[in-house]
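> Predicted model follows, preceded by the sequence.
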There are 2 protein chains.
Amino acid sequence: MNSIDTRTQILDIAQDLVQRVGVNAMSYQDISEAVGIRKASIHYYFPSKDDLVAALLDRYNDYFLRLVDGIIAQPDSAEVKLRRYCSLFEATLSSGNGDKACLYGMVGAELVTLKHPLVERVTTFYRDNEARLGQILNQGRESGEFGFVGDPQAMAALIFSLLEGGFLVARAHGGATQYRAIVEQLMQLVKG
Amino acid sequence: MNSIDTRTQILDIAQDLVQRVGVNAMSYQDISEAVGIRKASIHYYFPSKDDLVAALLDRYNDYFLRLVDGIIAQPDSAEVKLRRYCSLFEATLSSGNGDKACLYGMVGAELVTLKHPLVERVTTFYRDNEARLGQILNQGRESGEFGFVGDPQAMAALIFSLLEGGFLVARAHGGATQYRAIVEQLMQLVKG
DNA sequence: GTCTATAGCGCGATAGAC
DNA sequence: GTCTATCGCGCTATAGAC
């Protein structure tokens, strides 16, 4: 099963690189040095760079949405669920050094330079996340925990944009502390 | 003054490219084709790519902050000022095709790939914008227009992250309509 | 100021030995 | 599966003619 291990190592390193420097600045050369194989060997697992990025996005999508669904399925209050959702993002920001952004946030910034099958993955990820945020907000509205004004779906879109943006801004200015302050301010607004 | 015109043309085209595809994907070749000169001639005005990007950021910083200061100086309500501030962003999103992001948002996403004198410009731009948003929010708090809970400076940081993120997300999903809906939802939250 | 020409590098990708 | 070797491209940047 050495081949599976190598494939996973490549994906892990590639994801780390994309989260730091973006898709365009990530190269087979960088990956090969970090993994300890030659860059030609990477083409054995991922013939083209688009194949690699697609695999990256699919793996992250499955991983992330499964975590989110796990949070939603728990019998917790809506506030706890929303806080946990925001923490999913923060965990990435804090892991390793503080210079990693959300994978889909980075890819979204470079969206125009991507080919079509990749673009659709990004829009789908955004839509799915907003839908799940909407579920949490609806629960909070019904239970009376959340008293924010306006449409829950509009609020879900706002929160998702806020978290993606908060990630990128925090990297330049304030770091995890600033991100946490923003989430705290958000919680106050949602409770209303 | 033909030289000044050419220099401005280069900056205009380069800015448009960075807002669409990012710093790393923007090339002297792309610029030369759009301006109608050879790429070697661009080096006459901007010896290195870092020189070009620095000039780009400085010009945009001056232009944008002057607009913001103009908005703040007017004898308008805080709500009008905040709406105008958000519209500054939206104007960029709508200009040309809908696939442009905020210049500093794009550069922020690629922050890790930038050299140091450029990084500082980005952090300064973020800080200056949050400070000005804080001014507007304070005015609204004092006049009684804004009833949001929490610290105005934390709220300013939240709004700035939201607008930068809203930009990037809207490009992938929903466009100017989605961005406008987010701003509308924000206004409701700020009024409290 | 703008041009042609070119250097030098890193990139994604492929062929073929082992 | 992993390697060496190499191709062809696009990039930033420079030298020097006009």
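On my side now, so go ahead.
> which SSE is the closest residue to chain B within chain A in?
Relative to chain B, the nearest point of chain A is A:G165 (2.1 Å; C-beta to the nearest C-beta). Any C-beta I mention is one placed from the backbone N, CA and C, and that applies to glycine too. Assigned by DSSP states H and E, A:G165 belongs to helix A:152-172.
> quick one: average confidence on that helix?
Helix A:152-172 comes out with an average pLDDT of 97.
> and the angle from it to helix B:152-172?
If you take axes from the mean of the first three to the mean of the last three C-alpha atoms, to 10 degrees, helix A:152-172 sits at 110 degrees to helix B:152-172.
> Mind giving me the packing neighbours of helix A:152-172?
When contacts are defined as 3 or more C-beta pairs under 8 Å, 6 or more residues apart in numbering or on different chains; DSSP states H and E, helix A:152-172 packs onto helix A:78-94, helix A:103-109, helix A:116-143, helix A:175-191, helix B:103-109, helix B:116-143, helix B:152-172, helix B:175-191.
> Out of those, which is closest to A:R59?
Taking C-beta to C-beta, helix A:103-109 is the member of the helices and strands packed on helix A:152-172 nearest to A:R59, at 9.5 Å.
> what's the closest residue to A:T92 other than its chain neighbours sitting at in phi/psi?
Spatial nearest neighbour of A:T92, chain neighbours left out: A:K100 (5.8 Å); criterion: C-beta to C-beta, 6 or more residues apart in numbering or on different chains. When quoted as degrees, to the nearest 10, the phi and psi of A:K100 stand at phi -110, psi 140.
> Report how many residues lie close to A:K100.
22 (other C-beta atoms under 10 Å in any protein chain shown).
> and chain A, which of its residues are near DNA strand C?
With the criterion set to C-beta under 7 Å from any atom of the strand, chain A comes near DNA strand C through A:26-30, A:39-40, A:43, A:47-50.
> Inside strands: which ones of these?
Assigned to strands by DSSP state E, none of the residues of chain A next to DNA strand C qualify.
> so what pLDDT did A:M1 get?
We have a pLDDT of 54 for A:M1.
> quick one: contacts for A:A14?
A:A14 sits next to A:26, A:31, A:52, A:56 when contact means C-beta atoms under 8 Å, 6 or more residues apart in numbering or on different chains.
> phi, psi of the residue positioned nearest the centre of chain A?
Taking C-alpha atoms, centre = their mean, the centroid of chain A lies closest to A:C102, which sits 4.0 Å from it. Main-chain dihedrals, A:C102, degrees, to the nearest 10: phi -60, psi 140.
> Distance of A:G108 relative to DNA strand C?
As judged by C-beta to the nearest atom of the strand, to the nearest Å, A:G108 and DNA strand C stand 19 Å apart.
> In contact with that residue, which residues?
Applying C-beta under 8 Å, 6+ apart to A:G108 gives the contacts A:122, A:126, A:164, B:168-169, B:171-172.
> Which of those lies at the shortest distance from A:L65?
Using C-beta to C-beta, A:Y126 comes nearest to A:L65 of the contacts of A:G108, at 11.9 Å.
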